[in-house]
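Visitor: build me a model from this:
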Amino acid sequence: MTSFAIRERDGSGGVIAVYRNGQQPSGVSTERHAWKQQQDRRRAYWFRLMSDMFLPEGYPSTVSSDYLQYQIWNALQAFCSSLAGLFASRAVLQGHGVGNASASATNAVFLTVIQDVFSRLTTVVAGYYLGTSLYPEAKTYRLLADILNDAAIISDTLSPHLAHLSLSMSYPFVSRTDDSWLRVVALCMSGAFRALCGTVAGGSKAALTIHFATAGEKLGDVGDLSAKDGSKETVLALLGMLCGSIVLHYVHSAQATYLVLLSLVSCHLTANFVAVRVIAMPIFNRQRASLAWTAFRAAFDDEGNPVTKPRVPDYLTVSRREGIFTNPARIPCYSQSSDASALCALGISFSSLSRPTTQSTGISRTFRASREHRWHMDDEQIASCVEVFTGEKYILWFTSDVSTTGCTYPPSLGAVLKDGHGTLDHLKAWAHAHEVARLVCRRRNPSGFNEQLAVVRDALTHVSRMFPLFVDAAKVAGWKTEEGALVGGSPVTIVIEPPESTIEDRKNI
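Guide: Coordinates of the predicted model:
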């Protein structure tokens, strides 16, 4: 008789059963991990059930290495937030007049409607202005979302006390009154903060979910991971409500309420900060690309020739140096005598490089009364600039005021993307901006268009020599160079067409 064995594995790759020769039940044996074998079957069953309920399928091989640590701190912050939210809810109900026979339900409805109007309008405005920034700067907005949530909780908690305070322009500036508009302002601000939190948290959470599901040994299921995260948050919210009900029973005075609320908010923000810090994303955004390129560039001389073996730090090292609330457009100037930083925007409109600007003339420079208009670049200068970037999918130039006396220091740069651009083009444009900032800082203030063009051309020559080595070293360090978050959304692009005379000549041939 032919013998055979069929091994059954779970989503993480572990063997859960072996079937031999089709014999049942004696032919069926179960092989479990060492940690499962040390437990009795009942405990192993419940542990596996809890894992299946709250951990994504195939854990841990289907999630990134920072997932578990992030979830621990995320659970702590969610519990603190749920607990603090009960104090805010009680304060809002007190402000609406719960327990007060003279309170009007109609007034409470009107206040709720006003708060809801501010909340919905804020959602629309926030989505318009912040939508394309959420994915590239997911860690920043993830922490900002909880700061806004705490601001909403504090505004709600203060609202019933502000109902009895009034502001005035004369001393003592603050006086007591029976009904103040400050409570309405606090409730409207609370609604706006909560709406901002929802918009920011939704976009940043989606980016982090994709990171957790795609950075593991195996490709995870984004939908399953999101659903399991929702289950955990539901349970934690329930636990927070139960514990909060007990705490609310013993905390009544304003002093005790603010003391407990301050403790919960502090714990909430601390847990969020640590949770964001443990995230290590293997894709470049502008700040991570700056840190990686700066470390890589240190192995080259001023002309872009290697002095030592160039290396790119891995994303775990970069994540420990990554700041949370920093300007992502900032580029260090590499000047020992100055802490100034250049700025660079990717994916801007071409008109930002060639639009007309105003310049004060004569004595009006002092009073800013009379101005004359002139262009950043004329047609001949634009053609020269375009020629430098013939083989590139972008055009990099100064967006600060360009005149015969030179550009402003530190420089402000902008990159216009060409049709067909890709992730590596974004990364090269960002590295090119770093090199331009380096040269401008060393030459201080290049005067006139020709010197500025020479700076851009020299920087492109250096970058073109170093960039292929940088990409190879980044791949070795574990970076996903085929993915990127340097440019959010769908930026405007340009297509450089030949002159009309050239087109006519081709038609006549």
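Visitor: all strands of the stretch 401-509 of the chain, in order?
Guide: Applying DSSP state E, counting those that start in this stretch to the stretch 401-509 of the chain gives strands spanning 412-418, 493-494.
Visitor: tell me the mean pLDDT for the first one?
Guide: Looking back up the chat, that one is strand 412-418. Strand 412-418 comes out with an average pLDDT of 92.
Visitor: for it, which strands pair with it and how are they oriented?
Guide: strand 341-346 (parallel), strand 394-398 (antiparallel), strand 493-494 (parallel) (DSSP bridges).
Visitor: hey, C-alpha coordinates of the helix or strand just after the first one in CSV?
Guide: Looking back up the chat, that one is strand 341-346. The first helix or strand that comes after strand 341-346 along the chain, using DSSP states H and E, is helix 351-354. What follows is helix 351-354, C-alpha atoms only, in CSV (Å, rounded to 0.1, in the frame of the first residue of the first chain):
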residue,chain,number,x,y,z
SER,A,351,3.5,78.9,-13.4
SER,A,352,5.2,78.9,-9.9
LEU,A,353,8.5,79.0,-11.7
SER,A,354,7.7,81.5,-14.4
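Visitor: packing partners of helix 351-354?
Guide: For helix 351-354, the packing partners by 3 or more Cβ pairs under 8 Å, 6 or more residues apart in numbering; DSSP states H and E come out as strand 394-398, strand 412-418. (C-beta placed from N, C-alpha, C; glycine too.)
Visitor: nearest to His462, of those strands?
Guide: For these, proximity to His462 was assessed by Cβ to Cβ; strand 394-398 is nearest, at 13.1 Å.
Visitor: now do the helices in the stretch 51-200 of the chain.
Guide: Along the stretch 51-200 of the chain, counting by DSSP state H, counting those that start in this stretch, helices occupy 67-96, 105-130, 138-162, 182-214.
Visitor: and for the stretch 351-500 of the chain?
Guide: 351-354, 364-367, 379-388, 423-443, 448-476, 500-508.
Visitor: please identify the deepest-packed of these.
Guide: Across those, the average number of neighbours (mean count of other Cβ atoms under 10 Å) peaks for helix 423-443, which reaches a mean of 22.
Visitor: between that helix and strand 394-398, how big is the angle?
Guide: Orientation check (axes from the mean of the first three to the mean of the last three Cα atoms, to 10 degrees): helix 423-443 against strand 394-398 gives 20 degrees.
Visitor: quick one: mean pLDDT over helix 423-443.
Guide: Here helix 423-443 scores 90 as its mean pLDDT.
Visitor: what does stretch 55-68 give?
Guide: Mean per-residue pLDDT for stretch 55-68: 89.
Visitor: what distance do you get for the closest residue to Lys418 other than its chain neighbours to Lys428?
Guide: Counting by Cβ to Cβ, 6 or more residues apart in numbering, Lys418 lies nearest to Lys393, which is 4.7 Å off, once chain neighbours are set aside. Noted for Lys393: a distance of 8 Å to Lys428, by Cβ to Cβ, to the nearest Å.
Visitor: kindly report the same for Ala152.
Guide: In terms of Cβ to Cβ, Ala152 sits 42 Å off from Lys428.
Visitor: I'd say Ser133 and Ala126 touch.
Guide: No - counting by Cβ atoms under 8 Å, Ser133 sits too far from Ala126 to count as a contact (10.6 Å).
Visitor: higher neighbour count, these two?
Guide: Ala126 (20 against 17; other Cβ atoms under 10 Å).
Visitor: got the CA coordinates for stretch 131-138 in CSV?
Guide: This file holds the C-alpha atoms of stretch 131-138, laid out as CSV (Å, rounded to 0.1, in the frame of the first residue of the first chain):
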residue,chain,number,x,y,z
GLY,A,131,-6.6,65.0,1.8
THR,A,132,-3.4,64.6,-0.2
SER,A,133,-1.1,65.1,2.8
LEU,A,134,-2.4,62.3,5.0
TYR,A,135,-0.7,59.3,3.3
PRO,A,136,2.8,60.8,3.0
GLU,A,137,2.8,62.1,6.5
ALA,A,138,0.8,59.3,8.2
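Visitor: rounded mean pLDDT for that stretch, please.
Guide: 89.
Visitor: ok, and what's touching it?
Guide: For stretch 131-138, contacts defined as Cβ atoms under 8 Å, 6 or more residues apart in numbering pick out 141, 200, 203-204, 206-208, 211, 281, 285-286, 328, 485-489.
Visitor: give me the buried subset of those.
Guide: 141, 200, 203-204, 207-208, 211, 281, 285-286, 328, 485-488 (16 or more other Cβ atoms under 10 Å).
Visitor: ok, of those residues, which one's closest to Lys228?
Guide: Leu208 (13.8 Å).
Visitor: which residue comes closest to that closest one once chain neighbours are left out?
Guide: Nearest non-adjacent residue to Leu208 (Cβ to Cβ, 6+ apart): Ala138, at 5.6 Å.
Visitor: one more: Leu353?
Guide: Nearest one to Leu353, counting by Cβ to Cβ, 6+ apart, is Trp397 at 4.8 Å.
Visitor: wait, the one you found touches Gly414, no?
Guide: Yes - counting by Cβ under 8 Å, Trp397 touches Gly414, with 6.5 Å between them.
Visitor: and the two? which has more neighbours close in?
Guide: Trp397 (26 against 23).
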